[in-house]
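Participant: pasting the structure only:
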């Protein structure tokens, strides 16, 4: 099992004799990795010999690089690790080298970063700060009629009743999966998005389980665009570990009780916004028809694939398998309303097609498209004028909130184009 003793000894070792500062203080001071490396470079100022480490590699979680097909068809791992061409599309694994020199180091087209799952909950049990909180549900009394933790939900209770051999052990870990795309190079104008996959340990109490320091970063799916329904290919290493943790378990040491136990784990559900929900579940959420689809698609069902989560034997018994991200949906609602009121070109819902539909849907002759001007749309009462939009932008730019309540919303104001751009989920929640 995961041995925490070397890490704990390193944390408690003084940087130099007669100094109260310990190496573990970098966490309390909220140092980033660059500051840690700067600090370890100052070892020549200390007395000799000193036990200060010369690097920070032992504090950084290890991850595995797995080459992937650039089209997302397969992973080059396990039995396929030596292949140089995709088994499905035939595309090469590596980029062509300069002058086709065979001695040059080969560079793959696409690389998946995978952080193994098993060591991450083991670290929570190895830490004296979190070990005692990992079993809090054993003493938790559910208050009827209230929900302060996902374990209060009916779907969770149904799982507990279905798998008593899992729930009787309070050390077993319950996880949820979420994923979303983000653009790391947005400030440089490069169109590229990658998709991190994060697991949340629900063993921790409500005040801890959603904090960033306790979330498990599992995968970084490469871009340059969304993996769409081929996300299952990238999830294969994670599903393999989840199967191992469900059927066999892994020996783990609990720092709170100073005892070893067989830790098992289950995936309770996923949390995504609507598009990622379709990717994870395999149920189409778009109007566009897929290029290839199973028989009966569109008439009997809307399945576009068999989800890889069905490989988990308990997945079919869940009452709720996939949840929608309410904050992301709230952002979409805010964006649609605000862009329509501000009459943002290309973003407003008050467009030509909407006015054409009025004739068939509702009685609004004054808003219907004039046949003499087929490309013009009548303005509605809720659309602001240019002067009104300018006042709104100036008002938003002058807003001041208490610390921690919201980000600096003034930076989202584009006064030249009279619009807001780059609003985050929480900022939209504040406005709503």
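Facilitator: Received the coordinates, thanks. Remember, predicted model here, so these are calculated numbers, not experimental data.

Participant: is it true that residue 270 lies in a strand?
Facilitator: Yes. According to DSSP: H, G, I helix; E, B strand; the rest coil, residue 270 belongs to a strand.

Participant: Quick check, it in contact with residue 323.
Facilitator: Yes. Look at residue 270 against residue 323 with CB atoms under 8 Å: they come within range, at 6.8 Å. Using the backbone N, CA and C atoms, a C-beta is placed for each residue, glycine as well.

Participant: Same drill for the two, tell me which one is more crowded.
Facilitator: More neighbours surround residue 270 than the other of residue 270 and residue 323, with 23 against 16 (other CB atoms under 10 Å).

Participant: is the more buried one in a bridge, and if so with what?
Facilitator: residue 177, residue 322 (DSSP bridges).

Participant: What separation is there between it and residue 341?
Facilitator: 34 Å (CB to CB, to the nearest Å).

Participant: do residue 320 as well
Facilitator: Counting by CB to CB - residue 320 and residue 341 are separated by 35 Å.

Participant: repeat for residue 74
Facilitator: Counting by CB to CB - residue 74 and residue 341 are separated by 47 Å.

Participant: how many neighbours does residue 309 have?
Facilitator: Using other CB under 10 Å, residue 309 has 22 neighbouring residues.

Participant: Now for it: which residues touch it?
Facilitator: Taking CB atoms under 8 Å, 6 or more residues apart in numbering as the contact definition, residue 309 lies against 239, 267, 270, 280, 281, 315, 321.

Participant: go on, residue 423?
Facilitator: 331, 334, 335, 409, 412, 431.

Participant: top of those residues by neighbour count?
Facilitator: residue 331 (21 neighbours).

Participant: now the protein, which segments are flagged as low pLDDT?
Facilitator: 1-61, 99-102, 186-190, 287-293, 298, 373-374, 376 (pLDDT under 70).

Participant: Roughly how far does the closest residue to residue 147 other than its chain neighbours sit from residue 422?
Facilitator: Excluding its sequence neighbours, the residue lying closest to residue 147 (CB to CB, 6 or more residues apart in numbering) is residue 153, at 6.7 Å. Distance, residue 153 to residue 422, by CB to CB: 34 Å.

Participant: For the residue nearest to residue 147, grab the count of nearby residues.
Facilitator: With other CB under 10 Å as criterion, residue 153 counts 15.

Participant: Kindly report the same for residue 204.
Facilitator: 20.

Participant: Where does it sit: helix, strand or coil?
Facilitator: Three-state assignment for residue 204 (three-state DSSP): coil.

Participant: Please parse the chain into its domains.
Facilitator: Domain segmentation of the chain under automatic domain parsing yields 5-59, 61-97+106-114, 115-137+150-322, 328-354+380-431.

Participant: which one of the ones you listed lies closest to residue 369?
Facilitator: domain 328-354+380-431 (7.0 Å; CB to CB).

Participant: what sits against residue 74?
Facilitator: Contacts for residue 74 (CB under 8 Å, 6+ apart) come out as 68, 80, 86, 87, 88, 233.

Participant: Same question for residue 417.
Facilitator: Per CB under 8 Å, 6+ apart, neighbours of residue 417: none.

Participant: And for the helix or strand hosting residue 207, what's in contact with it?
Facilitator: Taking DSSP states H and E as the definition, one finds residue 207 inside helix 206-209. The contact list for helix 206-209, computed with CB under 8 Å, 6+ apart, reads 130, 133, 148, 149, 200, 201, 202, 203, 214.

Participant: so how far is residue 254 from the nearest residue to the third one once chain neighbours are set aside?
Facilitator: This points to residue 148. With sequence-adjacent residues excluded and distances taken as CB to CB, 6+ apart, residue 148 is closest to residue 206, at 5.4 Å. Per CB to CB, residue 206 is found 22 Å from residue 254.

Participant: Over to residue 333?
Facilitator: 44 Å.

Participant: next helix or strand past the helix or strand residue 111 falls within?
Facilitator: According to DSSP H and E, residue 111 maps onto strand 110-114. The first helix or strand that comes after strand 110-114 along the chain, using DSSP H and E, is helix 119-126.

Participant: quick one on the thing from earlier: just the contacts of residue 309: which are in strands?
Facilitator: Counting by DSSP state E, those place 267, 270 in strands.

Participant: ok, the contacts of residue 309 vs residue 372, which is closest?
Facilitator: Using CB to CB, these come closest to residue 372 at residue 281, 48.0 Å.

Participant: nearest residue to that closest one other than its sequence neighbours?
Facilitator: residue 322 (4.8 Å).

Participant: for residue 315, same thing?
Facilitator: residue 309 (5.1 Å).
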